[in-house]
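1. Turn this into a structure:
(chains A and B, ligands or ions: 2)
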Amino acid sequence: MNPAEIAVSYYTILRKDMVRILRIWPQTFLPSVVTSALYFLIFGAFLGSRIGAFGDIPYVSFVVPGLIMLAVVTNSFANVATVMFSAKFFSRNIDEILVSPTPPWVIVAGFVSSGVVRGVLVGILVYLTSLFFAAVSFHNVLVVIVFLILTSVALSLGGLVNGIYAKSFDGISIIPTFVLAPLVYLGGVFYSVEVLPEFWRGLTHVNPLFYIIDGFRYGFLGSSDVSPWLSFAVLLGLVAVLGAFAIHLIRTGLGLRQ
Amino acid sequence: MDKPAQDNRAAGGSFSAGAAWTTDAAPGGAPALAVRDLRKVYATGTEALKGVSLEMPPGDFFALLGPNGAGKTTVIGIVTGIVDKSGGSVSVFGDDIDRHPQAARRHIGVVPQELNFNIFEKVIDIVVTQGGYYGIPRKIAYPRAEEILEQLGLHDKRNDKSMTLSGGMKRRLMIARALIHRPRLLILDEPTAGVDVELRRGMWDFLRRLTAQGTSILLTTHYLEEAEQLCRHVAIINRGQIVAAGTVRDILAQLHAETVVLDLAPGAAERAASLLPAFRAAVADPSTLELEIASGHSLGEAIVALETAGIGVRMARGKAGRLEEVFMKLTAEGEK
Ligand SMILES: Nc1ncnc2c1ncn2[C@@H]1O[C@H](COP(=O)(O)OP(=O)(O)O)[C@@H](O)[C@H]1O
Ligand SMILES: [Mg+2]
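-> Ligands and ions are numbered 1, 2, ... in the order given. This next block holds a predicted model:
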């Protein structure tokens, strides 16, 4: 395919999912907004004064970046995992793309981009919601944007791999519930690793989502548990590894072809 | 990606299927489809294809005829890139599916046996989106999709959700989807299975018009009649092997032929075979010859020819034809 055709095919994949995401907005956008509003209410208005502050930052402001990341991570992952799994399992309409000349990397880029659009939009919505409950300021907007987008890319790639491998509907709910959720919650959404005992702190440092959340939070607060450059490197590494793996899966047809 | 649109529609012609979509039906080019020694073992261990070879000239209307489970869908899956082969090679208009997958895929439009569109999508969206995967922008794909849906009698339904279509309409929708990028080779996997007689005739007419304009068509079927009515060439597949291939006329003649086994003097079979070209004589062993007695010929004729040449016939007995087993299976399924 020439570049113009590749652009058309990429746009086709992306557009199709955008239409779906916008049509079912109560399922795609609303849940994260409602959940995070509840968190803000509980940790801000109800418990905030008891938990106290992290340094000179009120607790609720500390929690905002973590809750945005929680929404970005879960939405990006779920979007791509669900779309890929349904397309190969229910209607088998993944074959529509597989019989076409669209190259594997364009298929990956298209699916991932729709996960990123959803993840980023939900992230922005959660941020806007947080403004009702907390004073949120940016230390470095560029860091926030880079971490937001790359995180969404990484998790969308993860969702794609999950969707390709899943053999049943359970397959796309087990990973988010039993792997992803613990990694996010224990990755420091609600606390700084400094508050953890030695053992848990060490363990947290092998959790890639810890770096993602920590780096993102640096963009807001200007302080972090580890260097934002280290976090950035971990995130880039994650994108590279998952990206190569996803393209490999589509090219060899593992899990998609018989 | 698609060739420049050649709009040869007859002025005022009521059937817009008159557009010449392809012009390269000229004989002598690369075969529309060349399948060599194709093998497939599924992950379950099922050996679905045991060395299938086919060749389809450009512009041909070709039937792959075989009972259920013969391996038809597997062949098509491999040709269209959704099943991985275990061995062999496939090329489409000279483009090898491994070495030039993009080029090979552009040539092909496929109508699968099972429905595989998203039933929540609108009819026209399914067709236009498919065009997008081939790099055709919406502003070109949209009017083209409308035109194809019109030809297939689905224009009224274009804005309906595809789940509201009847069975026959769903199949026609898949044909429309397969044609959006104007493929040179249209592949249909059992397009008329479960479609009522009237609709079947309509679909046959549509396919005939398409092939008259130069599109090469490969269809699989387990209806002998379908192959007979539509196709120029036919290959019969059974248990993953091609058991007969040729023009429809030849194959039908073979199907209706009786096979007779002749016991001759030891060592005489070779020479006897050379004397009986009209009987498709096959040497089973040096003293045994198998003959097919097609209509217009008789056993007596063969025996006289042999006796005249000094070859004595000790015994003649009947035998089940090579194709009889397959044929009986086909008829049994056709009646279901
Ligand atoms: N995905 C699959 N996994 C395992 N075996 C399969 C699969 N698809 C088809 N087969 C087997 O391969 C053989 C050929 O099947 P198929 O190509 O569908 O035949 P046909 O289309 O002629 O009915 C059958 O024995 C079938 O059971
Ligand atoms: Mg089949």
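2. Flag the shaky bits of the chain, pLDDT-wise.
-> Chain wasn't specified; assuming chain A. Counting by pLDDT under 70, chain A contains low-confidence ranges at A:254.
3. I was after chain B.
-> Residue ranges of chain B with pLDDT under 70: B:1-28, B:256, B:320-336.
4. Alongside ligand 1, which residues does it contribute?
-> Proximity of chain B to ligand 1 is assessed by C-beta under 6 Å from any ligand atom, with B:42, B:44, B:46, B:48, B:66, B:68-74 identified as the residues in range. For the C-beta atoms, the positions are set from N, CA and C on the backbone; glycine is no exception.
5. Show me which residues of the stretch 151-258 of chain A are close to ligand 1?
-> Applying C-beta under 6 Å from any ligand atom, one finds that the stretch 151-258 of chain A approaches ligand 1 through A:Gln258.
6. Pull the contacting residues for the closest residue to ligand 1 within the stretch 151-258 of chain A.
-> The stretch 151-258 of chain A approaches ligand 1 most closely through A:Gln258 (4.3 Å), counting by C-beta to the nearest ligand atom. The contact partners of A:Gln258, by C-beta atoms under 8 Å, 6 or more residues apart in numbering or on different chains, come to B:42-43, B:77, B:82-84.
7. Then B:Arg271?
-> Shown in contact with B:Arg271 (C-beta under 8 Å, 6+ apart): B:309, B:311.
8. Just the element for it, please.
-> Remark: B:Arg271 resides in helix B:269-275, with elements defined by DSSP states H and E.
9. Mind picking the two most distant members of the contacts of A:Gln258?
-> Checking the contacts of A:Gln258 against each other with C-beta to C-beta, the farthest-apart pair comes out as B:Ala43 and B:Ile82, at 14.5 Å.
10. higher neighbour count, the two?
-> B:Ile82 (20 against 7; other C-beta atoms under 10 Å in any protein chain shown).
11. Please see if stretch B:104-123 touches chain A.
-> Yes. Using C-beta under 8 Å from any C-beta of the partner chain, stretch B:104-123 comes into contact with chain A via B:105-106, B:108, B:110, B:112, B:114-119.
12. List, one by one, the residues from the stretch 51-200 of chain B near ligand 2.
-> The stretch 51-200 of chain B comes close to ligand 2 at residues B:72-73, B:113, as judged by C-beta under 5 Å from the ion.
13. gap between B:Ala193 and A:Arg201?
-> 64 Å (C-beta to C-beta, to the nearest Å).
14. ok, now A:Ser91?
-> Counting by C-beta to C-beta, the gap from A:Ser91 to A:Arg201 is 47 Å.
15. Between these two, which has more neighbouring residues?
-> A:Ser91 (19 against 14).
16. Find me whatever residue is spatially closest to the more buried one, sequence neighbours aside.
-> In space, A:Ser91 comes closest to B:Asn118 once its chain neighbours are excluded; the distance is 4.7 Å by C-beta to C-beta, 6 or more residues apart in numbering or on different chains.
17. can you tell me the helix or strand for A:Ser32?
-> Taking DSSP H and E as the criterion, A:Ser32 maps to helix A:30-40.
18. ok, and for that helix, which residues are buried?
-> A:32, A:35-37, A:39-40 (16 or more other C-beta atoms under 10 Å in any protein chain shown).
19. Also stretch A:97-109?
-> Going by neighbour count (16+ other C-beta under 10 Å), the buried part of stretch A:97-109 is A:97-104, A:106-109.
20. Repeat that for stretch A:205-224.
-> The neighbour-count criterion (16+ other C-beta under 10 Å) identifies A:207, A:209-221, A:224 as the buried residues of stretch A:205-224.
21. May I ask you to confirm that B:Leu275 is in contact with B:Ala305?
-> Yes. The pair formed by B:Leu275 and B:Ala305 meets the contact definition of C-beta atoms under 8 Å, at 5.8 Å.
22. And the helices in the stretch 151-300 of chain B?
-> Ranges of helices within the stretch 151-300 of chain B are B:167-179, B:197-212, B:224-230, B:248-256, B:269-275, B:299-308, based on DSSP state H, counting those that start in this stretch.
23. what residues does the helix or strand harbouring A:Ala244 touch?
-> Assigning secondary structure by DSSP H and E places A:Ala244 in helix A:228-252. Contacting residues not belonging to helix A:228-252 are listed as A:104-105, A:107-108, A:112, A:143, A:146-147, A:150-151, A:153-154, A:157-158, A:160-161, A:164, A:208, A:211-212, A:214-215, A:218-219, A:224, A:254-256 [C-beta under 8 Å, 6+ apart].
24. So which of those belong to helices?
-> Secondary structure of the contacts of helix A:228-252 is defined by DSSP state H; positions in helices are A:104-105, A:107-108, A:112, A:143, A:146-147, A:150-151, A:153-154, A:157-158, A:160-161, A:164, A:208, A:211-212, A:214-215, A:218-219.
25. Tell me how far B:Ile236 lies from A:Glu5.
-> According to C-beta to C-beta, B:Ile236 stands 39 Å off from A:Glu5.
26. who has more neighbours, those two?
-> B:Ile236 (26 against 21).
27. unless I'm mixing things up, the more buried one is touching B:Gly66, no?
-> Yes. Here B:Ile236 lies in contact with B:Gly66, judged by C-beta under 8 Å, at a distance of 6.1 Å.
28. Could you pull out the strands in chain B for me?
-> In chain B, strands defined by DSSP state E lie at B:33-41, B:47-56, B:61-65, B:87-92, B:95-96, B:108-111, B:185-189, B:216-221, B:233-238, B:241-247, B:258-264, B:282-285, B:288-293, B:313-319, listed in chain order.
29. show me the contacts for the spatially closest residue to B:Ala273 that is not a sequence neighbour.
-> Sequence neighbours aside, B:Ala281 is the residue nearest to B:Ala273 in space, at 4.1 Å (criterion: C-beta to C-beta, 6+ apart). For B:Ala281, the contacting residues are B:272-273, B:289-291, by C-beta under 8 Å, 6+ apart.
30. give me that answer again for 6 Å
-> When contacts are counted by C-beta atoms under 6 Å, 6 or more residues apart in numbering or on different chains, B:Ala281 touches B:273, B:289, B:291.
31. The first one reaches B:Ala282, doesn't it?
-> No. The pair formed by B:Ala273 and B:Ala282 falls short of the contact definition of C-beta atoms under 6 Å, at 7.2 Å.
32. Would you mind putting the CA coordinates of stretch B:32-42 into CSV?
-> Taking only C-alpha atoms (Å, rounded to 0.1, in the frame of the first residue of the first chain), the coordinates of stretch B:32-42 have been written out as CSV:
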residue,chain,number,x,y,z
ALA,B,32,-6.0,-16.1,-11.8
LEU,B,33,-5.2,-18.7,-9.1
ALA,B,34,-2.4,-21.2,-8.9
VAL,B,35,-2.4,-23.5,-5.9
ARG,B,36,0.5,-26.0,-5.7
ASP,B,37,0.7,-29.0,-3.3
LEU,B,38,-1.2,-27.2,-0.6
ARG,B,39,-1.1,-29.0,2.8
LYS,B,40,-2.8,-28.2,6.0
VAL,B,41,-2.7,-29.8,9.4
TYR,B,42,-4.8,-28.0,12.0
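33. Please work out which residues outside that stretch touch it.
-> Where contact means C-beta under 6 Å, 6+ apart, the residues beyond stretch B:32-42 that reach it are B:47-49, B:51-56, B:58, B:74, B:85-92, B:185, B:216.
34. Would you list the buried entries among those?
-> The neighbour-count criterion (16+ other C-beta under 10 Å) marks B:48-49, B:52, B:54, B:56, B:58, B:74, B:85, B:88, B:90-92, B:185, B:216 among these as buried.
35. possible to save these as TSV with distance to B:Pro101?
-> Converted to TSV, the buried ones among the contacts of stretch B:32-42 look like this (distance: C-beta to C-beta, whole Å):
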residue	distance to B:Pro101
B:Ala48	21
B:Leu49	20
B:Val52	20
B:Leu54	19
B:Met56	19
B:Pro58	20
B:Thr74	18
B:Lys85	13
B:Gly88	16
B:Val90	10
B:Ser91	11
B:Val92	10
B:Leu185	15
B:Ser216	19
